[in-house]
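Trainee: Generate coordinates for the sequence data below:
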Amino acid sequence: MLRARMSRRLLAIVEGRRMGELTYDERRDSISFRYDEEWTSLRDSFPLSLSMPMANPLHRDAVVRPFIEGLLPDNDEVLARWGRRHHLSPRNPFRLLEFVGEDCAGAVQFVVPDRAERWAGSKARRKVVWLSEQELSERIQELKDDHSAMRRIGDRGQFSLAGAQPKMGLYWDESNKRWGIPEGATPTTHILKPNVGDFADYDRNEHFCLGLAKRIGLAAASSKIDTVGGIPVIVVERFDRTWKGRSLFRVHQEDMCQALGISPRSKYQREGGSSAKDIFSLIRDSSGRPRVDELRFLDAMIFNWLIKGTDAHAKNYGFLHAGDHQVRLAPLYDLSSYLPYENPKEERKVRMAMKIGGEYAWWKIGPRQWQTASREWGIERDLVFAHVCLIAERLLVGCDDVRREMNAELGKSGKTIDRLVRGIKANSEDALRLFS
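Mentor: This next block holds a predicted model:
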């Protein structure tokens, strides 16, 4: 006997306009996406993903599923808890997105058809449930204890964001200095991440690395450290949101795994994920300013190598989509360094997320590997070496500047940051000696 319902739908909405429709075939366990013809005819339209060009109106499971999976947390326990909460399989990204798809990375909201009818239109744009300091503290504590607690049962505002760390998306009202949970069409503005796990002061580590990247001229997300109910929290401003006058808009974003049609479970190159060469090729094929973004990505690779940013995998690089079919490399995000936690006895076990000149092992990567990489990536060897020296020189000065700023901001940056600064300086001095 055939089941009464064989397919489910989610509308892809961009600022109140339909981009297209996701369809889940329950019998075949297959997800497809179809663009609306009206959307593709708009001058300011953009694709859901570079892996799903608008020239082809229909896209099948092989590319749609990795994109949808990339909108969800990279944490099996979180997905399992969401599955138990909503009585569905944690391995079904479409069904999970039905419950969390209204506020994701990028500009697109994924909405069940009957819910879209209720909040579509301008009246819903500013609907926010404001939180008292006590309520915010309770929610941060819940998130620290249960990484799946990005929202409570009963919250109307939905939220999902990729990544392994627990995080919560909220709306910040600068005029009244208050946090709230946005509903319907209203976007979140910031991401709050409590300090958890085995790595001491990880919030300060990330805040320092983001600030350092910006200090030396790299585009990176803005952040600050706060304490909520006694819990240290890093607050990151979303760069996929933008203000135009008094109105807040979403900006479309996707990570490199999504753009290449690769599952987030393969985000590391050694697990079958994309290489730096793949990303350089994608930049050349897709960016509105390929040479500029090519060098920006090169600088990001050098930066992560010098700071021992071992988690710089394909999901931690991305694209922003603007109107008029403009695609640009996104600012850096989720930056951190392994240096403060390194055991000297295990230094040779440290591996980068992507190969440089055929090597993952950090200690094996030197001028010869960077020369090999320059050939693989199609960039002049002398230019690569010049950029290594330039980034190293800027880091030597920038480390102290950012540490002073953190001391002023927090009273004292702490031992973790002191170890981080010493390590980055040592690596930068070695690079100048070897690459000059």
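Trainee: Walk me through the domains of the protein.
Mentor: Following automatic domain parsing, one finds the domains of the chain at 7-119, 122-237, 254-435.
Trainee: wait, which of those domains is closest to residue 245?
Mentor: For residue 245, the closest of those is domain 122-237, at 12.4 Å, according to C-beta to C-beta. Bear in mind the C-beta positions are built from the backbone N, C-alpha and C, glycine included.
Trainee: quick one: average confidence on the closest one?
Mentor: For domain 122-237, mean pLDDT is 83.
Trainee: closest to residue 246 out of the domains of the chain?
Mentor: domain 122-237 (9.3 Å).
Trainee: so how far is the closest one from its chain's centroid?
Mentor: 14 Å (C-alpha atoms, centre = their mean, to the nearest Å).
Trainee: Excluding sequence neighbours, find me the nearest residue to residue 295.
Mentor: Spatial nearest neighbour of residue 295, chain neighbours left out: residue 387 (7.3 Å); criterion: C-beta to C-beta, 6 or more residues apart in numbering.
Trainee: To clarify, my last question referred to residue 372.
Mentor: residue 357 (3.6 Å).
Trainee: Neighbours of that neighbour, how many?
Mentor: 19 (other C-beta atoms under 10 Å).
Trainee: Then the one 5 residues further on?
Mentor: Other residues near residue 362 number 19, with proximity taken as other C-beta under 10 Å.
Trainee: Can you give me the separation between the closest residue to it other than its chain neighbours and residue 290?
Mentor: Once flanking residues are discounted, residue 362 sits nearest to residue 350: 4.4 Å by C-beta to C-beta, 6+ apart. Distance of residue 350 to residue 290, given as C-beta to C-beta, to the nearest Å: 32 Å.
Trainee: Ok, residue 433 next?
Mentor: In terms of C-beta to C-beta, residue 433 sits 33 Å off from residue 290.
Trainee: just to revisit the earlier point, dihedrals phi and psi, the residue nearest to residue 362?
Mentor: phi -70, psi 130 (degrees, to the nearest 10).
Trainee: Next one, pLDDT for it please.
Mentor: Looking at residue 350, the pLDDT reads 90.
Trainee: Can you tell me, leaving aside adjacent residues, what's nearest to residue 301?
Mentor: Excluding the flanking residues, the one nearest residue 301 by C-beta to C-beta, 6+ apart is residue 276, at 6.1 Å.
Trainee: how many other residues sit next to that neighbour?
Mentor: Neighbours around residue 276, by other C-beta under 10 Å: 24.
Trainee: Quickly, which of the domains of the chain bottoms out on average pLDDT?
Mentor: Among the domains of the chain, domain 122-237 scores lowest, with a mean of 83.
Trainee: Hmm, residue 351 is touching residue 361, no?
Mentor: Yes. Because the distance of 5.8 Å satisfies C-beta atoms under 8 Å, residue 351 is recorded as touching residue 361.
Trainee: Which one's more surrounded, residue 433 and residue 290?
Mentor: residue 290 (16 against 9).
Trainee: In contact with that one, which residues?
Mentor: Neighbour list for residue 290: 283, 284 [criterion: C-beta atoms under 8 Å, 6 or more residues apart in numbering].
Trainee: Could you pull up phi and psi at it?
Mentor: phi -60, psi -40.
Trainee: picking up where we left off before, pretty sure the residue nearest to residue 372 sits against residue 371.
Mentor: Yes. Judged on C-beta under 8 Å, residue 357 makes contact with residue 371 at a distance of 7.0 Å.
Trainee: which neighbours does the helix or strand hosting residue 192 have in its sheet, and in what orientation?
Mentor: Assigned by DSSP states H and E, residue 192 belongs to strand 190-194. Paired with strand 190-194 in the same sheet, following DSSP bridges, are strand 168-173 (antiparallel), strand 231-237 (antiparallel).
Trainee: want to throw those strands into JSON lines with distance to residue 420?
Mentor: Shown next, in JSON lines, are the strands paired with strand 190-194 (distance: least, C-beta to C-beta, whole Å):
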{"stretch": "strand 168-173", "distance to residue 420": "26"}
{"stretch": "strand 231-237", "distance to residue 420": "15"}
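Trainee: With residue 84 as the reference, name the closest of the ones you listed.
Mentor: The nearest among these, by C-beta to C-beta, is strand 168-173 at 19.7 Å.
Trainee: Can you check which helix is longest in this structure?
Mentor: Criterion DSSP state H: the longest helix present in the chain is helix 381-410.
Trainee: wait, residue 355 sits on residue 269?
Mentor: Yes. Between residue 355 and residue 269 there is a contact at 6.0 Å, judged by C-beta under 8 Å.
Trainee: list residues touching both of these two?
Mentor: Common neighbours of residue 355 and residue 269 (C-beta under 8 Å, 6+ apart) are residue 275.
Trainee: re the thing from before, for the residue nearest to residue 362, what are its contacts?
Mentor: 308, 310, 338, 342, 361, 362, 363.
Trainee: was I right about the fourth one contacting residue 422?
Mentor: When you say that, I think you mean residue 342. No. The pair residue 342 / residue 422 is not scored as a contact, 11.1 Å apart, by C-beta under 8 Å.
Trainee: Which one of those two is surrounded by more residues?
Mentor: Ranked by neighbour count (other C-beta under 10 Å), residue 342 and residue 422 place residue 342 first, with 17 against 13.
Trainee: So that one versus residue 363, what's the distance?
Mentor: Counting by C-beta to C-beta - residue 342 and residue 363 are separated by 11 Å.
Trainee: State the distance from residue 289 to residue 327.
Mentor: 9 Å.
Trainee: Same list, the contacts of residue 350, but as JSON lines with secondary structure and distance to residue 193 please.
Mentor: Listed next are the contacts of residue 350 as JSON lines, based on DSSP: H, G, I helix; E, B strand; the rest coil; distance: C-beta to C-beta, whole Å:
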{"residue": "308", "secondary structure": "coil", "distance to residue 193": "21"}
{"residue": "310", "secondary structure": "coil", "distance to residue 193": "19"}
{"residue": "338", "secondary structure": "coil", "distance to residue 193": "18"}
{"residue": "342", "secondary structure": "coil", "distance to residue 193": "22"}
{"residue": "361", "secondary structure": "strand", "distance to residue 193": "29"}
{"residue": "362", "secondary structure": "helix", "distance to residue 193": "25"}
{"residue": "363", "secondary structure": "helix", "distance to residue 193": "30"}
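Trainee: Most neighbours of all these, which one?
Mentor: residue 308 (23 neighbours).
Trainee: In contact with that residue, which residues?
Mentor: 337, 338, 339, 342, 350, 362, 423, 427.
Trainee: nearest to residue 93, of those?
Mentor: Residue 93 has its nearest neighbour among these in residue 338, at 30.1 Å by C-beta to C-beta.
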